[in-house]
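# this one's structure only:
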């Protein structure tokens, strides 16, 4: 038989192996503190959960929806952009997807040809790279360090374009794994560069709303790329601010030229996003839901403060400033002499101390072996317990 396609030979998302091992250890009766995934505790807002209960009572017919989502949900997402950013978004330009992962797959397919050069920051979310590679695109890494707060700049884009034009740029703000953000002026510069160079900007905004202005985050919610022009592809999700990870629901704001291509692709690849999740998610935009989500972000902020205050006890090296999201990305510093790589460190920490963190090699093939990502989405109690265990483990 023919071998598997070369396009399928992408690196696995290493954190999934850690999640599986956490499950095995817990099944054995081990007490494990899992800080390896970006999954908010607490679940969906009460209004969404109540709607889901009613839907599953059997009185609501569940069938295929339009490929780009129900009209009502698209309208409510469009209204969200008016509420948060003052934007007047036509609901016809909203595409509801099966999680933000579905948005990236559909958006990349519609926007880029096989062989196109598409740039992204390193360290960064590994699925960008792997989806692009599976689609036959050439990934152009932009090595972003603390001097640019782990974000690309027009100067770095100029360097990346010297070997050939860039068809696209994937920008995340707040970013995974660093939590760093670009401010309005920085985003304006990047948007202008993309426009001048014929580069499609894909703005990952799934962590918008999970930001910490009191810690110096540049904008209270994050700047939407469409505030600077509607030629970008904007990707967002119900998973982070709304805490609806398992509902598998995200969306895109699309430039006019991509609406029909994405509609056709979605109809062929997925038929429609999950109907129950769409119907319940209409209640994500109530006053009560916003209040519940803002309260959870306030809890994240308190947990972040606890973690930063405890950071000297960890004895690690330099860490990225967590402007938003719920990640602490740090160099292991002196621990590298003992463990050699962050993968070895994370494995030993899980097996011996029952704490799960993510090695940086998932996010940065060049420098990630020095770093780990710790998620503080699990809450203050889990983080405090994890810090105590880490300190004892390293003693």
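Received it, and whenever you're ready, just let me know what you need. Here the structure is a predicted model, which is why all the values come from computation and not from measurement. Numbering: from 1, shown residues only.
# Quick one: low-confidence residue ranges for the stretch 101-250 of the chain.
Residue ranges of the stretch 101-250 of the chain with pLDDT under 70: 214-219.
# Helices of that one, residue ranges please.
Secondary structure of the stretch 101-250 of the chain (DSSP state H, counting those that start in this stretch): helices located at 126-134, 154-160, 184-196.
# Which parts of the chain belong to which domain?
6-44+289-394, 61-285 (automatic domain parsing).
# Can you add mean neighbour count and give those back as JSON lines?
Placement of C-beta: from N, CA and C, glycine included. Output for those, formatted as JSON lines (neighbours: other CB atoms under 10 Å):
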{"stretch": "domain 6-44+289-394", "mean neighbour count": "18"}
{"stretch": "domain 61-285", "mean neighbour count": "20"}
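# Out of those, the one nearest residue 50 is which?
Of all the domains of the chain, domain 61-285 sits nearest to residue 50, with 7.4 Å by CB to CB.
# what about the closest one, distance to the chain center?
Relative to its chain's centre, domain 61-285 lies at 10 Å (CA atoms, centre = their mean, to the nearest Å).
# and residue 55, which of the domains of the chain is closest to it?
domain 61-285 (5.3 Å).
# Where do the strands of the stretch 151-300 of the chain begin and end?
Counting by DSSP state E, counting those that start in this stretch, the stretch 151-300 of the chain has strands at residues 168-172, 200-204, 233-237, 250-253.
# The ones you listed: which one's closest to residue 353?
strand 168-172 (30.5 Å).
# and that closest one with strand 200-204, angle?
20 degrees (axes from the mean of the first three to the mean of the last three CA atoms, to 10 degrees).
# and strand 168-172, what other elements does it pack with?
strand 117-122, helix 184-196, strand 200-204 (3 or more CB pairs under 8 Å, 6 or more residues apart in numbering; DSSP states H and E).
# check contacts around residue 248.
Residues near residue 248 by CB atoms under 8 Å, 6 or more residues apart in numbering: 98, 99, 102, 273, 274, 277.
# Phi, psi for the closest residue in space to residue 251 that isn't next to it in sequence please.
Residue nearest to residue 251 in three dimensions, not counting chain neighbours: residue 96, with 5.0 Å by CB to CB, 6 or more residues apart in numbering. Here is the backbone geometry of residue 96 (degrees, to the nearest 10): phi -80, psi 140.
# show me what contacts residue 96?
Residues near residue 96 by CB under 8 Å, 6+ apart: 68, 69, 70, 73, 74, 77, 249, 250, 251, 273, 278.
# Same list (those residues) but as TSV, adding distance to residue 284.
Shown next, in TSV, are those (distance: CB to CB, whole Å):
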residue	distance to residue 284
68	18
69	13
70	13
73	9
74	13
77	9
249	9
250	12
251	11
273	14
278	11
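# pLDDT score for residue 260?
Looking at residue 260, its pLDDT is 98.
# For it, which residues are in contact?
Applying CB under 8 Å, 6+ apart, no residues qualify as near residue 260.
# now it: how far from residue 110?
From residue 260 across to residue 110, the span is 9 Å (CB to CB, to the nearest Å).
# And the contacts of the helix or strand containing residue 373?
Secondary structure assignment for residue 373, by DSSP states H and E: strand 371-375. Residues outside strand 371-375 that contact it (CB under 8 Å, 6+ apart): 35-39, 123, 177, 307, 316, 326-332, 342, 345-346, 357-360, 362-364, 386.
# where's stretch 329-348 relative to the chain centroid, distance-wise?
With CA atoms, centre = their mean, you get 24 Å for stretch 329-348.
# So for that stretch, mean pLDDT?
Mean predicted lDDT for stretch 329-348 stands at 96.
# Show residues contacting that stretch.
With CB under 8 Å, 6+ apart as the test, stretch 329-348 has contacts from 14, 18, 123, 177-179, 311, 314-320, 322, 356-361, 363, 368-374, 393-394.
# Go through those and flag which are in helices.
Those of those mapping onto helices are 14, 18, 311, 314, 393, 394, per DSSP state H.
# between the contacts of residue 96, which is closest to residue 117?
residue 250 (25.5 Å).
# Verify the contact between that closest one and residue 206 for me.
Yes. Taking contacts as CB atoms under 8 Å, residue 250 lies within contact range of residue 206: 7.2 Å.
# shared neighbours of these two, which are they?
In contact with both residue 250 and residue 206: 100, 235, 236, 237, 239, using CB under 8 Å, 6+ apart.
# I'd like to know the beta-bridge partner residues of the third one.
The reference is to residue 236. With DSSP bridges applied, residue 236 shows beta-bridge pairing to residue 251.
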